[in-house]
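[1] Sequence and predicted model, in that order:
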Amino acid sequence: MTMSAGWYLRRLSRMGPREVGGRAGDAVRRRRWRSARPNCPSVTGARFTAVLPAGTIASVPPDAAKRLIAEADRLMYGHVQYFGVVRDDLTDPDWWCDPKTGRRAPWGYAFDVPYRNEDTVGDIKQIWELSRHQYLTVLAAAYAITGNERYAERVAEHLRSWWAANPPLRGVHWISGIELGIRLLSWVWIRRLLDGWPGVAGLFEGNSVAVNQIWHHQRWLAAFPSRGSSANNHVIAEAAGQFAAACAFDWFPSSERWRADALRSLERHLRGNTFASGLNRELATEYHGLVLELGLAALAEADAAGVPVPASVRLVLLRMSDALAAVVDSRLRPPRQGDADDGHGLVVDGSGTDRWGSLLATGDAVFGRLAWWPTVTGTDVRTPLLAALIKPTELSVTRPASRPAHFADAGMTILRGPEEIWCRCDGGPHGFLSIAAHAHADALSVEVRHDGVDVLADPGTYCYHGQPEWRQYFRSTLGHNTLQLDGEDQSVSGGPFLWTRHADSRVLTASADTTEEGVARWCAEHDGYQGSVHRRRVELTHASQELKVVDEVRGPRRDARLAFHLGPAIAADLVGSRAVLTWIRDGEGRSATLDLPEQLSWRAHRGESDPPLGWYSAGFGRKEPTTTLVGTGFADGTEAFTTVLRFRG
């Protein structure tokens, strides 16, 4: 995808004067750096002291260690999968090749590489992911647990290969700050986990090539921070990586300044990216996880290095942990809201480890769990490693006495019923900052699960670059469980990560706690359709296990489409305006009926591509057909559309 002149004008319109000035300065600096690339200052006597405390590795649960080693062995054989693409070339990877398209990114000055153009570069996410070096942290952790030097030797071989192929400011891996930040964090942990290997000092502090790479990464991050309307999760990854490296690799004349500046940025943007309730302001749940992982990793580096951090850093991470505990369903799955690209801050676990259970376990180890927190039964490697570095600290804060259900600042309400019924109602802001980069046009959408199974599902994200029709679908209003008028999205898109007009939603009622009648209620409205207001009421009746959704439109007569996306495990038999839903959970058959508004004409869609409709993306780069029920007709304000979902006992 090549961005048009119109896109640049729209993007510019979402910036303030300070951001425009900062970006102009960045452009001048990029031009100057093309020919003026200074050398890394001479480093002598460098040492790495931020090691794990004695006994840490022995505290890793055996089953978590077993999963990790199995994953490491797959990597040693060259096998890995990123975003739905299986790779078997990991014994000797080509750092610039996209295995999905077969294209290879061009060589040259980093800022000249047209990374958004898939025809020239390939799928940039595929190219960048391997070079975050998070698979190398897995191999390094396998060495730390087993002492088997073959893991350490493979790590060293790949780092030397990468450093040789990617000299400073040359090629595709020197374009994006988030990539440099996460890569630095990986290098810190690789050095820490390989500490017992005889060759580790010669790989890092005794290796002028490694020292040069570490210095140039930090110099780059200090010069080109994400700014203004782009100061979302990216700036936190940049600050966390810069801070971690300046703590652990404090070998340079600029290390103290880099560390102080990165800590100020991290503290400011952790607060800025997080609602007071603890939910992430991007309203994209996977980025809540990414930011929490990055923040915890940065805190671990601070405590390991004895660097004081403002109390607000710990308080934000505590609130984020409590909020995550509050919103997950009975299987510890959080909402599937907004964009998701499978991004992680620190990876030291094997496949099969539950990400959200791991974060809750770390929250428990670092801050202490509250009585209402869900129980975490799984184990992981990362929690004991982080907990060994992060020092217990008393925080002056009042934590929720009971499980929160309504997050007013984020506009999120979780309704819970018997038989593990879980319903997320969305009445919050469209997204974060002026471009709302990771938002979807999903105002007033609902997401319903039964014992962790998606019944009314949020379809997910699937892709970012290179497939504009799929990017548009997965973030569209029709791609969510809400009402579309006149075939338009509630908010206006100006590009794949840009919204030029945001629907304004407000919650009118949120009584998620069971009332005397045994009914939890929610009501909200939005003004995204010019000249009309869409209002939605949701009621969950405990005794009957019934969820009622009532949609009303105030305004002129308009074409209407009401969509309900079923999860991939759900089979649907649609007759007229009634659908019988069936699925299997833990070997048992489950069922529900979905009575749809009779004023609309209903049709089931599944796996359609022209245009896209009836798809579910379980993870970035992956999609599978699922059933979407769409009712078409008119909304003229005279009568409401009532949908009733009844679960059978």
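    Sure thing, it's come through.
[2] Can you give me the distance of residue 646 to residue 581?
    Between residue 646 and residue 581 the distance, using C-beta to C-beta, to the nearest Å, works out to 10 Å. For every residue, glycine as well, the C-beta is placed using N, CA and C.
[3] Quickly list what's touching both of those two.
    592-594 (C-beta atoms under 8 Å, 6 or more residues apart in numbering).
[4] Filter those residues down to the buried ones.
    Neighbour-count burial (16 or more other C-beta atoms under 10 Å) applied to the shared contacts of residue 646 and residue 581 gives 592, 594.
[5] which residue ranges form the strands in the stretch 451-600 of the chain?
    Taking DSSP state E, counting those that start in this stretch as the test, the strands found in the stretch 451-600 of the chain are 453-456, 483-485, 492-495, 498-501, 505-511, 519-526, 533-541, 546-554, 558-565, 571-575, 578-585, 588-595.
[6] Export those to TSV and append columns for distance to residue 463.
    Listed next are those as TSV, based on distance: least, C-beta to C-beta, whole Å:
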stretch	distance to residue 463
strand 453-456	20
strand 483-485	21
strand 492-495	14
strand 498-501	16
strand 505-511	26
strand 519-526	26
strand 533-541	28
strand 546-554	29
strand 558-565	17
strand 571-575	26
strand 578-585	27
strand 588-595	29
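[7] could you dump those to TSV with distance to residue 334 and mean pLDDT?
    Listed next are those as TSV, based on distance: least, C-beta to C-beta, whole Å; pLDDT from 0 to 100:
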stretch	distance to residue 334	mean pLDDT
strand 453-456	13	98
strand 483-485	25	98
strand 492-495	25	92
strand 498-501	23	93
strand 505-511	19	95
strand 519-526	18	96
strand 533-541	19	97
strand 546-554	20	97
strand 558-565	18	97
strand 571-575	25	98
strand 578-585	19	97
strand 588-595	22	96
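[8] Just give me the closest of the shared contacts of residue 646 and residue 581 to residue 498.
    Using C-beta to C-beta, residue 594 is the member of the shared contacts of residue 646 and residue 581 that sits closest to residue 498, with 35.1 Å.
[9] And for the closest residue to that closest one other than its chain neighbours, the neighbour number?
    Nearest residue to residue 594 in three dimensions, chain neighbours excluded: residue 579, at 4.3 Å (C-beta to C-beta, 6 or more residues apart in numbering). Applying other C-beta atoms under 10 Å, we find 23 residues neighbouring residue 579.
[10] ok, so what distance separates residue 579 from residue 466?
    As for residue 579, its distance to residue 466 is 35 Å (criterion: C-beta to C-beta).
[11] again, but for residue 172
    15 Å.
[12] Counting neighbours, go ahead and name the busier of these two.
    Using other C-beta under 10 Å as the criterion, residue 172 and residue 466 rank with residue 172 on top: 26 against 22.
[13] got a list of what the closest residue to that one other than its chain neighbours touches?
    Distances taken as C-beta to C-beta, 6+ apart place residue 105 nearest to residue 172, at 4.1 Å, with adjacent residues excluded. By C-beta under 8 Å, 6+ apart, the residues touching residue 105 are 96-98, 113, 115, 121-122, 124, 127, 171-172.
[14] Kindly recompute the last result at 10 Å.
    Contact analysis of residue 105 by C-beta atoms under 10 Å, 6 or more residues apart in numbering lists 94-98, 113-115, 120-122, 124, 127-128, 171-173, 175.
[15] Buried ones from those residues, can you make that a PyMOL selection?
    Of those, the buried ones go into a single PyMOL selection, burial set by 16+ other C-beta under 10 Å:
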select buried, resi 95+96+97+98+113+114+115+121+122+124+127+128+171+172+173+175
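[16] sorry, back to before: I'd like to know how far the residue nearest to residue 172 sits from residue 562.
    Using C-beta to C-beta, one obtains 44 Å as the distance from residue 105 to residue 562.
[17] One more: residue 330?
    Distance, residue 330 to residue 562, using C-beta to C-beta: 28 Å.
[18] Of the two, which one has the most company?
    Legend: neighbour count by other C-beta under 10 Å for residue 330 and residue 562, higher for residue 562 (24 against 15).
[19] Is that one bridged to anything, and to what?
    residue 483, residue 631 (DSSP bridges).
[20] Go ahead and confirm it touches residue 641.
    Yes - if you go by C-beta atoms under 10 Å, residue 562 and residue 641 touch, sitting 6.0 Å apart.
[21] overlap in contacts of those two?
    Residues touching both residue 562 and residue 641 (C-beta under 10 Å, 6+ apart) are 483, 549, 551, 596-597, 599-600, 631, 633, 635.
[22] neighbours around the residue nearest to residue 405 when sequence neighbours are not counted, how many?
    In space, and not counting its chain neighbours, residue 405 is closest to residue 512: 3.3 Å by C-beta to C-beta, 6+ apart. Other residues within reach of residue 512 by the criterion other C-beta under 10 Å amount to 18.
[23] Let me see the contact set for residue 512.
    So residue 512 contacts 403-406, 413-416, 423, 425, 520-522, 540 (C-beta under 10 Å, 6+ apart).
[24] ok, now with 6 Å
    Residue 512 sits next to 405-406, 413, 415, 520 when contact means C-beta atoms under 6 Å, 6 or more residues apart in numbering.
[25] Residue 628 contacts residue 605, doesn't it?
    Yes - between residue 628 and residue 605 there is a contact under C-beta atoms under 6 Å: 4.8 Å.
[26] okay, these two: which has more neighbours?
    residue 628 (25 against 17).
[27] Just to be sure, the more buried one is in a strand?
    Yes - under DSSP: H, G, I helix; E, B strand; the rest coil, residue 628 sits within a strand.
[28] does residue 37 sit in a helix, a strand or a coil?
    Here residue 37 is recorded as coil under three-state DSSP.
[29] From residue 500, how far out is the nearest residue to it once chain neighbours are set aside?
    Take residue 37 and drop its neighbours on the chain: the residue closest to it by C-beta to C-beta, 6+ apart is residue 169, 6.1 Å away. Distance from residue 169 to residue 500, counting by C-beta to C-beta: 33 Å.
[30] next one: the helix or strand containing residue 185 to chain centre, how far?
    In this structure, residue 185 sits in helix 177-193 according to DSSP states H and E. Its chain's C-alpha centre and that of helix 177-193 lie 18 Å apart, by C-alpha atoms, centre = their mean, to the nearest Å.
[31] swap in stretch 277-289?
    Centroid separation for stretch 277-289 versus its chain: 8 Å, with C-alpha atoms, centre = their mean.
[32] Repeat that for stretch 471-485.
    20 Å.
[33] send the alpha carbons of that stretch over as CSV?
    The C-alpha trace of stretch 471-485 is given here as CSV (Å, rounded to 0.1, in the frame of the first residue of the first chain):
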residue,chain,number,x,y,z
ARG,A,471,-8.6,-4.0,6.7
GLN,A,472,-11.7,-1.9,5.9
TYR,A,473,-14.1,-4.8,6.6
PHE,A,474,-12.7,-5.9,9.9
ARG,A,475,-12.7,-2.4,11.4
SER,A,476,-16.1,-1.5,9.8
THR,A,477,-19.5,-1.0,11.5
LEU,A,478,-20.9,-3.9,9.5
GLY,A,479,-18.0,-6.0,10.8
HIS,A,480,-19.4,-5.7,14.4
ASN,A,481,-22.5,-6.6,16.4
THR,A,482,-24.2,-3.2,15.9
LEU,A,483,-26.6,-1.3,13.6
GLN,A,484,-25.5,0.3,10.3
LEU,A,485,-27.4,3.0,8.6
